[in-house]
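Q: Let's see this in three dimensions:
(3 chains)
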Amino acid sequence: MRQTNPVDIHALSLRARQTWRLADLAQAVDAEYIGDGQTKITGAAPLDRAGSSDIAFLSDARYRKFLDSTHAAVVILSSEESRIWANAAIPRLITDNPYAVYAKVANCLYRELPRQGSIHPSAVVAASATVAPDACIGANAVIGENAVIGARAIIEAGAVIGDKVSIGEDTHIYPNVVVYPRCRIGARTILHSGCVIGADGFGFAFEAGRWIKIPQIGRVVIGDDVEIGANTTIDRGALDDTVIENDVKIDNQVQIGHNCEIGEHAAIVACTGIAGSVRVGRYCRIGGAAMIGGHLTIGEGVVIGAASPVFSSIEKPGVYSGIYPILPHRQWQKNAVQLRQLDALYQRVRALEKKLDENK
Amino acid sequence: MRQTNPVDIHALSLRARQTWRLADLAQAVDAEYIGDGQTKITGAAPLDRAGSSDIAFLSDARYRKFLDSTHAAVVILSSEESRIWANAAIPRLITDNPYAVYAKVANCLYRELPRQGSIHPSAVVAASATVAPDACIGANAVIGENAVIGARAIIEAGAVIGDKVSIGEDTHIYPNVVVYPRCRIGARTILHSGCVIGADGFGFAFEAGRWIKIPQIGRVVIGDDVEIGANTTIDRGALDDTVIENDVKIDNQVQIGHNCEIGEHAAIVACTGIAGSVRVGRYCRIGGAAMIGGHLTIGEGVVIGAASPVFSSIEKPGVYSGIYPILPHRQWQKNAVQLRQLDALYQRVRALEKKLDENK
Amino acid sequence: MRQTNPVDIHALSLRARQTWRLADLAQAVDAEYIGDGQTKITGAAPLDRAGSSDIAFLSDARYRKFLDSTHAAVVILSSEESRIWANAAIPRLITDNPYAVYAKVANCLYRELPRQGSIHPSAVVAASATVAPDACIGANAVIGENAVIGARAIIEAGAVIGDKVSIGEDTHIYPNVVVYPRCRIGARTILHSGCVIGADGFGFAFEAGRWIKIPQIGRVVIGDDVEIGANTTIDRGALDDTVIENDVKIDNQVQIGHNCEIGEHAAIVACTGIAGSVRVGRYCRIGGAAMIGGHLTIGEGVVIGAASPVFSSIEKPGVYSGIYPILPHRQWQKNAVQLRQLDALYQRVRALEKKLDENK
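A: Residues are numbered from 1 along each chain as shown, chains lettered A, B, ... in the order given. Next up, the predicted model:
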C-alpha cells in the first residue's frame, strides 16, 4: 500500500463552502438586494428546510406556500414574486432570472478550491507527454505518449488519457474516464466518470458472409465549456471527426455515434442515443431517452421531447414529441390490438363514408 | 510488473463450490425433504442437464416434461408438483416457494469464501482513511481522504472511492467502480463494475445564450442489502440527497437522476432511465427500458412494464404498460401513416355518427 | 510519478499510416484497377475533401456529384458506376462491393503496428497467470489468478482481467475494461473501454417481503472475431453460460442479459437492451435502441428496426418495426388522446357499421 498526503489526491474532493455577506453576494452575481447587506450566508437549501444562514430560492410558484414559514436568511425572488411578497422581513435577492442567479450564488457558496499542481507518484506519465506545472494528475492515472495536459487541468484517479490527446486548461476529468488517442478536449470542460471518448464508431462492411472492420481514423474534438455525463460514449469519426462544439451539455449514458456534429449550447438529456453522422443545431434540447436515426439534421433550436424517436430530419424550430402513452395493462392490451390493425380501421371508416354517401 | 500472492487479489474470484448432504441442506434452507437424507449434492444445474450430484428445480410447468428423464440427484418442487410426480424415486426438496428455496440452496452450494483482510501493495490509500483490518483493498484501488471502509468490505481492483465516502460492512465493490466524494454506501451492498455513484446531476441555468452550471452539493445515500448493476449511474442531489433505500435491486445501465428517492425493496430492470426528483414507492417493479419523467411519484407496489414511458404520476397499485407493438415493416408503415392522423380519423367517425343520426 | 518508455504504453496508440501503390493495393484487396498502377496512396478521405494522395469511394449515388470535382488520387467504384463515369482520367479500383473493398483498403492504409511483447512495470499480474511472451499488458492493468493471456493479445491500461479468465490470441482489450472471473474471450476479439463482461445477471427470488440473491454461477463465453462497444454490459449466466458466437458485432451501451445466446455474424446496434435467455439467430441485425423481452427467440436473419420493442418471438426472416412516429407536440397531443381510447373508437366504428347494415 502506498499512502498519499492530502494534496496528492485532493482531486477526489468536491467543493468547499465559503461564507458571504448579502451585499457582496449581490454584487458578485449582479443582482439587487433588499434588506441587511451584512446578512451572513453560508449555504443554500430548499425553502422549506433552509436554516438561519442559508439562502433559498423560489423555483416554482407551487412552492410559494413555503415563503411565509421559511427560516432562510435570504430568498432569491423574481421582481414579480418580490412584489407579491412585499411585506415579509426576510432579506432578498431580486432578479429577472432567479434560476440563473441561484446558479451563480451556489457557485460562490460552494467553490472548487484551487489546487497546487502535482503528479501522484503512482500515476504513469509518458516521458514524451507535456503536463502543465499547475495541472493535477491523480493516483494511478495514465497519460500517453505526446499527450498535452493544459494549465490547471485535473486528471483524476484511474483516468486513461491516450497518446497525442490534448486536454485544455482548467478541464476536469473525473476518475476512470478514458480518452482514446488523438482526441482533443477543450478548456473548462468536465468529463464525468466512466465516460469513453473516441472509441471506434460502429462500421463494418459485409462480404462473403462475414463482417470486415472499417478502421475508424477520425477523432473526437470537444470544445470549451462542455460537460459530459457519467458513462456517456462518444465515438471517433470514421474518416472525419466527431465534433462537440462549445458549451454543449450532455447528461449521463448518452451515446453519440461517429461523425456527429453537436452545435454550440445544445443540451442532451440522459439515455439519449444519436446514431452516426447526425447534425444537431445550436441550442437544441434533446431527450432524455430520445433516439435519433443516422444521417439526419436537427435544425437550430429544435426541442425533442423525452422518449421520442426521430427518424427524419427536423428543420423547423419547435417542440416535437413521440411518447407512446402508458395505461393500465388491460386498457393498453385492448388498444394495442386495435393499433396493430389501425390501417384496417381506417379502411372501414372510408367504406362507411362511401356507403353513407351512396345511401343519400 | 509487480506480482501478487493469491490472497492479495483473491477479491477477483467468484464463489467456491461446497458439498452438502440433502438432510443438512433441507435444514439450512428451511424446507422439507423426501428420500435419502445422505444424498450428496455438489452443484446446481437445469433439469435437463443435471448430473448425478446436482440439484435441479422445476421453475415452470413447461419444463415438467424433463422431470421423468432428469439425472439430477435431487429436485426442488412445490408441494403441488410433488403430489403430481408422486411416483418418482428421486429425492426432493418440497416448498411453497421453489424459486426462493433454489436461491437459498444455490447460496449454500456456491459460497463466497471469507477472505483475510489485506491491502494490495499497489493500492493507494489516503493516510486519513480508515480501513477495517478485515477489509480487502484490491490492486490499484484508490481510497480518498477520510474515507471509511467497513468490516469485511471488499474494494476490488481499480475502484476509486472518493474523499469522505463511507462503505458499510460486508459491502462488495467490483473493479473500476467510482464512488464520488461524500456518498454513503450501506452494509451488505453490491456495486458492480463500471457503476458510477454520485456524479453531478444535470443542472444548468440558461442566461444570455449560455449555460451556467448549478453546483450539485447533495450526496447519494445508499442503504443496506442494495445491489447495483454494471455501468449504472446514480447522480448526487442538487441540494438534498439522492436516496436508495434498503434492499433495492437495480440492474445494469440504469440511470437515476438527482434527488430521486427509491423506496425499500423496489426492483429496477436494466436500461431504465429515471429523471430527477422522482419518488418510487416501496416494492415497485420497473422496466427494463422504462423511462420515467422528472418530479413524478410512483406509488407503492406499482408495476411498470418494460419499454414503457411514464410521464405522469401513478398512485394506484397495478400493472401499467405502454409498449408500442412491433410488426412486419410494411404493416407498421401503413399503421404509422394512420397513427399520425389518428385525431383526423376520430373526427371522421364523429362526422359519420352525426350524419347517421340525422339520416334517421 | 513513474515514467514509461514508448514501448510500454504504445498500446494506447491507434493505427499508423502506410503508403501504397495502386497496383499493390488492388492485389492486396483483390480488386481490379484502371489507370497508373504506380499511383501513390497515403490515406483515405471523403470524395469532396480528398487530397492528391488520398483514395476516396462512392458510398452512395447521392455523392456522384462530387466525382467530377474530386482531387482524389484514386476512387473506388462499382463496375456500374465505373461504366457511367467512363471518361474521367482518375485511376480507380473496381469491385462489386465498394464498401467491402474500402474496408480492406483502409485496413491496408491504417495498419495496427505489431508490438513487442511487454508488461508495464505498474501492471499487477498474478504469479499464477500465464501471459504469452509477445502479449502486451498496459500500465496499471490487473491480471488475476490463473488467467491466460494469448499470443499477441493487448490488455491496455487499467483493464482488470479476473481470475481464471482466458483471452485469445490477437485480442485487443481497451483501457478500463472489466472481465469478471472465469469468462472466456476468443481470438482477434476487440473489447472497447468501459465494457463489463460477466457481471452477475439480475436474479432474485422474493420471500417474506425481501429479495434473496440467486448466485450467478455461469460464465460469459465470447467467440473469435467479436467486437464489443464501449460501456456495453454482458451478464454471466445464472446456471448455464451466456454465449456470444464468432463474428458477432455489438455496438456501445448494449445490455445483454444472463443466458442469452447471440448467433454468429449477428450485429447489434447501440443502446439496444436484450433481457435474459434470449436466442438471437445468426445474421440477425438489431436496433439501435431496440428492446427485446426475456426468453424470446429471434430467428436467423431477422432484422429488428431501431427503437423497436420486441415482446414475442419472431421466427420468420424479414424486417420488423415498431417506431412510434414523432410529431409537432400539439399534433402529438391530439393523437395521443385518441390513442388512449383507440379501442373505444373501434367500438364506435363497429356500431356505425351495424347501424348502417340495419338501415338498409
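Q: contacts and neighbour counts: CA atoms only from here.
A: Noted.
Q: Now tell me what touches stretch A:195-202 from outside.
A: Residues outside stretch A:195-202 that contact it (CA atoms under 8 Å, 6 or more residues apart in numbering or on different chains): A:177-181, A:183, A:215-216, A:219-220, A:228-238, A:257-258, C:192-194, C:229-231, C:251, C:269.
Q: And it, how far out from the chain middle?
A: 18 Å (CA atoms, centre = their mean, to the nearest Å).
Q: Quick check: which helices or strands does the helix or strand harbouring A:Ala344 pack against?
A: Element membership for A:Ala344, per DSSP states H and E: helix A:342-359. The contact analysis (3 or more CA pairs under 8 Å, 6 or more residues apart in numbering or on different chains; DSSP states H and E) places helix A:342-359 against helix B:329-340, helix B:342-359, helix C:342-359.
Q: What's the mean pLDDT across that helix?
A: The pLDDT scores in helix A:342-359 average 88.
Q: same deal with stretch A:220-237?
A: Mean predicted confidence for stretch A:220-237 is 98.
Q: returning to what we had before: what's the most buried one of the helices and strands packed on helix A:342-359?
A: A comparison of these by mean neighbour count, using mean count of other CA atoms under 10 Å in any protein chain shown, puts helix B:329-340 on top with a mean of 18.
Q: which residues touch that helix?
A: For helix B:329-340, the external contacting residues (CA under 8 Å, 6+ apart) are A:339-343, A:346, B:326, B:345, C:319-322, C:324-325, C:327, C:332, C:335.
Q: same check, this time on stretch A:63-71
A: Identification of contacts with stretch A:63-71 by CA under 8 Å, 6+ apart yields A:47-52, A:58, A:88.
Q: Span of that stretch from start to end?
A: For stretch A:63-71, the first-to-last residue distance is 14 Å (CA to CA, to the nearest Å).
Q: same thing with stretch A:269-286?
A: One end of stretch A:269-286 sits 6 Å from the other (CA to CA).
Q: now stretch A:172-190
A: Per CA to CA, stretch A:172-190 runs 5 Å from first to last residue.
Q: now check it, is it near chain C?
A: Yes: shown here: stretch A:172-190 in contact with chain C (CA under 8 Å from any CA of the partner chain) through A:176, A:178, A:180-181.
Q: quick one: average pLDDT of that stretch?
A: The pLDDT scores in stretch A:172-190 average 97.
Q: Does that stretch reach chain B?
A: Yes: judged by CA under 8 Å from any CA, stretch A:172-190 comes into contact with chain B at A:175-176.
Q: Now find how far off-centre that stretch is within its chain.
A: The chain centroid and the centroid of stretch A:172-190 are separated by 15 Å under CA atoms, centre = their mean.
Q: circling back: between the helices and strands packed on helix A:342-359, which one is nearest to A:Glu169?
A: With CA to CA, the closest approach to A:Glu169 among the helices and strands packed on helix A:342-359 belongs to helix B:329-340: 49.0 Å.
Q: quick one: that closest one to helix A:342-359, angle?
A: For helix B:329-340 against helix A:342-359, the angle between stretch directions is 60 degrees (axes from the mean of the first three to the mean of the last three CA atoms, to 10 degrees).
Q: quick revisit: could you list which of the residues of stretch A:172-190 next to chain C belong to strands?
A: A:Val178 (DSSP state E).
Q: of all the residues of stretch A:172-190 next to chain C, which comes closest to B:Ile274?
A: A:Asn176 (23.7 Å).
Q: That closest one contacts B:Val178, doesn't it?
A: Yes: the pair A:Asn176 / B:Val178 is scored as a contact, 7.4 Å apart, by CA atoms under 8 Å.
Q: what touches both of those two?
A: Shared contacts of A:Asn176 and B:Val178, defined by CA under 8 Å, 6+ apart, comprise A:193, B:160.
Q: Who has more neighbours out of those two?
A: The neighbour comparison of A:Asn176 against B:Val178 (other CA atoms under 10 Å in any protein chain shown) goes to A:Asn176, with 34 against 31.
Q: Identify the residues contacting the more buried one.
A: A:156-160, A:193-194, B:160, B:176, B:178, C:176.
Q: okay, and the helix or strand of chain A with the least pLDDT?
A: Taking mean pLDDT, DSSP states H and E as the measure, the helices and strands of chain A show their lowest mean at helix A:6-9, namely a mean of 38.
Q: domain ranges for chain A?
A: A:16-111, A:118-320, A:329-359 (automatic domain parsing).
Q: just to revisit the earlier point, list just the nearest of the residues of stretch A:172-190 next to chain C to chain B.
A: Comparing those against chain B with CA to the nearest CA picks out A:Asn176 as the nearest, at 7.0 Å.
Q: re the thing from before, so of the contacts of stretch A:195-202, which ones are in strands?
A: Going by DSSP E, the strands hold A:178-179, A:220, A:228, A:233-235 from those.
Q: Show me what A:Arg111 is bridged to.
A: On the basis of DSSP bridges, A:Arg111 is bridged to A:Ala16.
Q: wait, it sits on A:Thr42?
A: No: using CA under 8 Å, A:Arg111 is not in contact with A:Thr42, being 11.7 Å away.
Q: what sits in contact with each of these two?
A: Common neighbours of A:Arg111 and A:Thr42 (criterion: CA under 8 Å, 6+ apart): A:17-18.
Q: neighbour count winner among those two?
A: Using other CA under 10 Å as the criterion, A:Arg111 and A:Thr42 rank with A:Thr42 on top: 17 against 14.
Q: Tell me the confidence at the closest residue to that one other than its chain neighbours?
A: Spatially, and ignoring its direct neighbours in sequence, A:Thr42 is nearest to A:Thr19 (4.6 Å; CA to CA, 6 or more residues apart in numbering or on different chains). A:Thr19 is assigned a predicted lDDT (pLDDT) of 94.
Q: What is the burial count for A:Thr19?
A: When neighbours are counted by other CA under 10 Å, A:Thr19 registers 14.
Q: Repeat that for A:Arg62.
A: 8.
Q: what's near enough to touch it?
A: Going by CA under 8 Å, 6+ apart, A:Arg62 touches no other residue.
Q: That one should be in a strand, yeah?
A: No: counting by DSSP: H, G, I helix; E, B strand; the rest coil, A:Arg62 falls outside a strand, being helix.
Q: And it, how close does it get to A:Leu47?
A: On the measure of CA to CA, A:Arg62 and A:Leu47 end up 12 Å apart.
Q: Equivalent analysis for A:Leu296, please.
A: A:Leu296 sits 44 Å away from A:Leu47, taking CA to CA as the criterion.
Q: When those two are compared, which one has more neighbours?
A: A:Leu47 (25 against 21).
Q: Is the more buried one in contact with A:Leu58, as I believe?
A: Yes: applying CA under 8 Å as the test, A:Leu47 and A:Leu58 come out as touching, 7.2 Å apart.
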